[in-house]
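Q: no sequence for this one, just the structure:
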């Protein structure tokens, strides 16, 4: 019995969508299977042997928005361990799991180390260029470090407030 998975490559799948566009025609299903097989072995399939790294980087750098597409990948019992892996993944999550493996493979085989930073760092790098220190992200409120247990309890208990007054559309106060 065959398992067909529709892999949807939408706006948010920037890496995958750009990668798909540079693939040789008809190779997507085969490469998906190779990437899953390599993932199961704990290695990344060398996509740089199939795809041109420089062309992929150019496409990513252009930030061009591409139209979404869906590609079906059919797994048969002939695919062996890959077929069994797909069969074990819940039906509604197969596409997401496959896309996750593909993204990780793309990042580790088609991008250089410095290009693996989060997208925000790439897009807004000019904000960090002039400073010697990189921004540090910390929680705004750390009650564990600074407050007594009594004050902490106050924050964890529900607060009761008076209802806010209602206003009509002409601005006069009601109630």
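A: The structure has been received and is ready for your questions. Values in this document were obtained by computation on a predicted structure and should not be read as measured data.

Q: could you say what helices and strands the helix or strand hosting residue 95 packs with?
A: Secondary-structure assignment from DSSP states H and E places residue 95 in helix 94-110. Counting contacts by 3 or more C-beta pairs under 8 Å, 6 or more residues apart in numbering; DSSP states H and E, helix 94-110 is packed against strand 3-9, helix 14-22, helix 28-41, helix 53-62. Bear in mind the C-beta positions are built from the backbone N, C-alpha and C, glycine included.

Q: Just the buried residues of that helix, please?
A: Going by neighbour count (16 or more other C-beta atoms under 10 Å), the buried part of helix 94-110 is 94-95, 97-99, 101-103, 105-106, 109-110.

Q: Stretch 80-95 now?
A: 82-83, 85-86, 94-95.

Q: Which two among those are spaced furthest apart?
A: Using C-beta to C-beta, the pair of the buried residues of stretch 80-95 lying farthest apart is 83 and 95, separated by 16.0 Å.

Q: ok so, going back, residue 67: which of the buried residues of stretch 80-95 is nearest?
A: Distance to residue 67 across these (C-beta to C-beta) is lowest for residue 95, with 17.9 Å.

Q: The closest one reaches residue 4, doesn't it?
A: No. In this structure residue 95 lies outside contact range of residue 4 using C-beta atoms under 8 Å: 10.9 Å.

Q: quick one on the thing from earlier: looking at the helices and strands packed on helix 94-110, spot the one closest to residue 72.
A: Residue 72 lies closest, by C-beta to C-beta, to one member of those: strand 3-9, at 5.3 Å.

Q: and stretch 64-81, how far apart are its ends?
A: End-to-end distance for stretch 64-81: 37 Å, by C-alpha to C-alpha, to the nearest Å.

Q: average pLDDT for it?
A: Mean per-residue pLDDT for stretch 64-81: 92.
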